[in-house]
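Engineer: How does the following fold in three dimensions:
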Amino acid sequence: MIRFPPVIVLAALAGLCAAPVLHAQSLDAQRSAMRDALAAAEAGRIDATASSALARHPLYGWVEFAALRRDPNAISTAQAQAFLARYDGQAVAGQFRNLWLAALARRQDWPTFLGAWKPTDSAALQCAHLQARQATGRTDAAWTEQAQALWRKGAKSLPDGCDPVFNLLASQGALAPALRWERIEAAAAERQTGVMRSAARGLPADEAALANDYAAFIDTVHPRAMNWPRTDRSRRMAAAGLAKLAQSDPDTAERVLPQYADALGLGEGERGQVLYQIALWTVASYGPDSARRLGNVPESAYDERLHEWRVREALSRGDWPAALAALRKMPPAQRNDSRWRYFEARMSEKTGDRAGAQRLFRETASSPTFHGFLAADRLEQPYALCAWIPNDPATAKQAVARDPAIVRAMELWQLERPGWATAEWNDALSRFDDTQRRIAVEVAQDNGWFDRAVFSLGKQPDEQRLYRLRFPLHHDDTIKREAAKHNIDPAWVAAEIRAESIFNPKARSGANAMGLMQVLPSTGAGVARRLGIPYAGAASLYDSDTNIAIGTAYLREMEDKYGVPYVAIAAYNAGPAPTARWQSQRPGFDPDIWIETISYKETREYVARVLAFSVIYDWRLNGTALPVSDRLMGRVQAKRKAFTCPTAQMPKS
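Structural biologist: Presented below is the predicted three-dimensional model:
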C-alpha cells in the first residue's frame, strides 16, 4: 500500500487552492487554523484577517456554510445565490441548498424556492416543492400525480408541511376513498395507527368508523372485531393486530386466534402471519412450547428467519435428528450458506452419517468465514483465503488522492467533521468507477479513515477478497505489547477493535462506549484503578494507547471470569446477565452449538464475527493462524495453520 507523506498531501491541497500559506506552514498548522476558523464561524465570530488568509483553502466553503447555517432565516437571496454559484457541484452546495430551501419554505417565498429547487430525498422538501407549485398556480396533472405518489409513500407519518398539499388533493377530489384505504392498509402493515386515523378523516362516516376500529384493534385487540364485515381487508387488519399482540403476549394471541379466525374466516395466509409471530416470540427465548408452536406454523408462512429458529430450537434441546430435518427444509440458497452447510455436516456427523458429514465439511471449508474455518478444523486442512492485492500504478492513486472532493473529505475527517467528510466522500464516489472507488478506500486508510472499506467495498464480488483494506491494522505495536502483557492473543484484540470501532479512536456509541475498543467510562475507570493504568477520566478512552491497554486488560478479566474466550466475547457484547442465562440454559454444549443458540441475534453474530476476524488478523500479523477451534477455547499454544487459495475462490479471468 502506497502511503503519501505529508508533503504530497500539502501539494494536493496547494494544487487545489493555490494558497501560498500552505507551502509556508506545516500541514498541522494549516489544520489547526482551519479548525479554529470553523469553530469561529459556528460561534458567529469570524476573524476577517484569519478568514482572508484561508479564503482559498479547499475547505473554505465549509467555513462559509458553518457561518450561514447559524441563522438560515437571516440569509439573503443574494447571499444564498452567490454561495450556490460559488460552490456549484460540490457537496457543500448540496448541504446548503437543503438548508436554504427549508428557510424559504418557512418564509413561503415560493418563487425563490422554485428558482433554487433541485430534487432531494427529503419528504419535507418534496412537500414544500409541491406547495410552491401550488402557490404559484402550477397545479397541473403532473402536480396531482406527484402529490398522490407522495401520499402513497406515507405508511409512516409525513411532515406537517405535507398537510396543505394533501388538503388541496382532497378538495380536488383526488384523494378518493380507494387512495385513502391504500394508505391506511400500508400504515396498518407498519402498525402506524396514528397515520391510519389521519388518513381515515376524509372517508365517508361509516368507512371512517371502521378504519378507526381497525386502528384501535391494532393498538389493543378487542372483541368488536368479530363483528367486522367478513372481507379480505378485515382479515388483514385482524391478522396485523393479532400478530402485534403475539410479539408481547404469545400465549394470549394463541388462545384468542381461533375465535377471530372463525368469526372472520381467516385463511392460511392470515393465520400463518399470526402463528409465525407466536412461534417466533416463543422460540426467541426457548420457551417450553417452542417446538409445538413452530410446528403449528404453515410451511407457506416460513421465511429464512423462522427456518433458522427451527434449527436453533432443535439444537437447544440436543435433538440432532430434528435439527437435521429442519436444515433440510430450508430453501436451497439458505441451506447452502456456509453456516447452515456446516451445521448440516455437524448434524450428519452426530446422527451417524460420517461420509455425508465429510462431504459437507469439504464444501464448507472453501469459505473464508467462521463456519468455513470450523469446517477446515474438522478436516485438519489449511484455511481458505485468496487475498486480492491490486497492483495499481502510483499515478492512479495520485489522481484519486488529488480529486478535489477526496482532498476535502480527507481534510474534514482529520478535522473530526465526519458528517461533512462523508458528504464529500459520497460526492466523489458518485463519479468514480470501481477502480477509483477501491483506490479511494486506500487513500482514506492512508489518512486514518478505516471504515470506508466497510461502507464502500462489496459492490463487486472480488472486492470481498481485499482483506488488507477490509481488515485494516493500526496501532499494531501497542496491540502486541498489551496482548503479551495479559497473555491474550493479539489477533483477538485486533478483531475486537475491528468489530467495535473499525479502528476509529473517536468512536462513541449510544450507550457511551468510547474509543477503539468501545469501553464504557465506568469500566475504564475500574480496570485502570485495579491495574494502575494512568487514567484521567472518560476522555482518556479517546487516547488509542490507553484504550487498547484498558480494553485488552478487560478482555483478560472477562476470559478469567468466564473461562473461555467465546463466552467472554459474548459477555463483552451482551453483558453479564444474558450471558449467565445462556450458560445456565445450555451447560456443557459444544462451543459451536452454544454460539449458534445464543438468543440475541446481535451477540450471536458478534461472537462468530470476532472469531472469524481473529483468524484474518492472525494472517495479517503472522501469515499463519491459531486454529479457530483452539482460539475460541483460549488454547493459544496450539499448532498453527497455513492458508491456501482453493480454486473455488480464485478470481474470474
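
Engineer: And the helices in the stretch 151-300 of the chain?
Structural biologist: 163-171, 177-189, 193-200, 205-219, 232-248, 250-264, 268-283, 290-296 (DSSP state H, counting those that start in this stretch).

Engineer: any chance of these in CSV, with mean neighbour count, mean pLDDT and distance to Val441 too?
Structural biologist: Where you see a C-beta, it was placed from the backbone N, CA and C, and this is true even at glycine. Formatted as CSV, these follow (neighbours: other CB atoms under 10 Å; pLDDT from 0 to 100; distance: least, CB to CB, whole Å):
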stretch, mean neighbour count, mean pLDDT, distance to Val441
helix 163-171, 17, 94, 42
helix 177-189, 19, 96, 38
helix 193-200, 21, 96, 40
helix 205-219, 18, 98, 45
helix 232-248, 21, 98, 40
helix 250-264, 17, 98, 45
helix 268-283, 22, 98, 38
helix 290-296, 18, 98, 43
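
Engineer: Quick one, which of the ones you listed gets closest to Pro368.
Structural biologist: For Pro368, the closest of the helices of the stretch 151-300 of the chain is helix 268-283, at 30.5 Å, according to CB to CB.

Engineer: Taking their axis directions, the closest one and helix 250-264 sit at what angle?
Structural biologist: Here helix 268-283 runs at an angle of 170 degrees relative to helix 250-264 (axes from the mean of the first three to the mean of the last three CA atoms, to 10 degrees).

Engineer: so how far is helix 268-283 from its chain's centroid?
Structural biologist: 27 Å (CA atoms, centre = their mean, to the nearest Å).

Engineer: Of the helices of the stretch 151-300 of the chain, which is nearest Ile595?
Structural biologist: helix 268-283 (17.1 Å).

Engineer: What would the closest one look like as CSV? C-alpha coordinates only.
Structural biologist: Taking Å, rounded to 0.1, in the frame of the first residue of the first chain, the C-alpha atoms of helix 268-283 are listed here in CSV:
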residue,chain,number,x,y,z
GLU,A,268,-53.9,-19.9,5.9
GLY,A,269,-52.1,-16.7,5.0
GLU,A,270,-53.7,-14.6,7.8
ARG,A,271,-53.4,-17.4,10.3
GLY,A,272,-49.9,-18.1,9.3
GLN,A,273,-48.9,-14.5,9.9
VAL,A,274,-50.2,-14.7,13.5
LEU,A,275,-48.8,-18.2,14.1
TYR,A,276,-45.5,-17.1,12.8
GLN,A,277,-45.2,-14.3,15.4
ILE,A,278,-46.5,-16.6,18.2
ALA,A,279,-43.8,-19.1,17.4
LEU,A,280,-41.0,-16.5,16.8
TRP,A,281,-41.6,-14.8,20.2
THR,A,282,-41.7,-18.1,22.0
VAL,A,283,-38.7,-19.7,20.4
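
Engineer: Can you name the residues in contact with that helix?
Structural biologist: Helix 268-283 has contacts (CB atoms under 8 Å, 6 or more residues apart in numbering) with 235-236, 238-240, 242-244, 246-248, 250, 253-254, 257, 261, 266, 289-290, 293-294, 296-298, 300-302, 305-306, 309-310, 312-313.

Engineer: max-length helix in the protein?
Structural biologist: Ordering each helix of the chain by length in residues (DSSP state H) puts helix 601-622 first.

Engineer: residues in contact with that helix?
Structural biologist: Here helix 601-622 makes contact (CB under 8 Å, 6+ apart) with 339, 368-371, 373, 383, 385, 467-468, 471, 473, 476, 480, 489-492, 494-496, 498-499, 566, 569-570, 573-574, 578, 595-596, 598, 624-626, 628, 631-632, 640, 643.

Engineer: Over to stretch 433-441?
Structural biologist: Counting by CB under 8 Å, 6+ apart, 390, 392, 396-397, 400, 403, 406, 425, 428-429, 432, 452-453, 456-457, 459-460, 463, 466, 469 sit against stretch 433-441.

Engineer: Dump the C-alpha coordinates for the strand or helix carrying Ala568 into CSV.
Structural biologist: Assigned by DSSP states H and E, Ala568 belongs to helix 565-574. C-alpha atoms of helix 565-574 as CSV (Å, rounded to 0.1, in the frame of the first residue of the first chain):
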residue,chain,number,x,y,z
PRO,A,565,-12.9,-16.7,25.0
TYR,A,566,-16.1,-17.5,23.2
VAL,A,567,-18.2,-16.9,26.3
ALA,A,568,-16.1,-13.8,27.2
ILE,A,569,-16.8,-12.4,23.7
ALA,A,570,-20.5,-12.9,24.2
ALA,A,571,-20.3,-11.1,27.6
TYR,A,572,-18.3,-8.3,26.1
ASN,A,573,-21.2,-7.6,23.7
ALA,A,574,-24.3,-8.5,25.7
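
Engineer: After that helix, heading C-terminal, what element do we hit next?
Structural biologist: Trace forward from helix 565-574 with DSSP H and E and the next one is helix 576-585.

Engineer: average pLDDT across that next one?
Structural biologist: Summarised as a single mean, pLDDT over helix 576-585 is 95.

Engineer: Not counting its own residues, what contacts it?
Structural biologist: 286, 316, 562, 567, 570-571, 594, 597-600, 603.

Engineer: Mind doing that once more with 7 Å?
Structural biologist: Under the criterion CB atoms under 7 Å, 6 or more residues apart in numbering, residues 286, 567, 570-571, 598-600 lie in contact with helix 576-585.

Engineer: All set, thanks.
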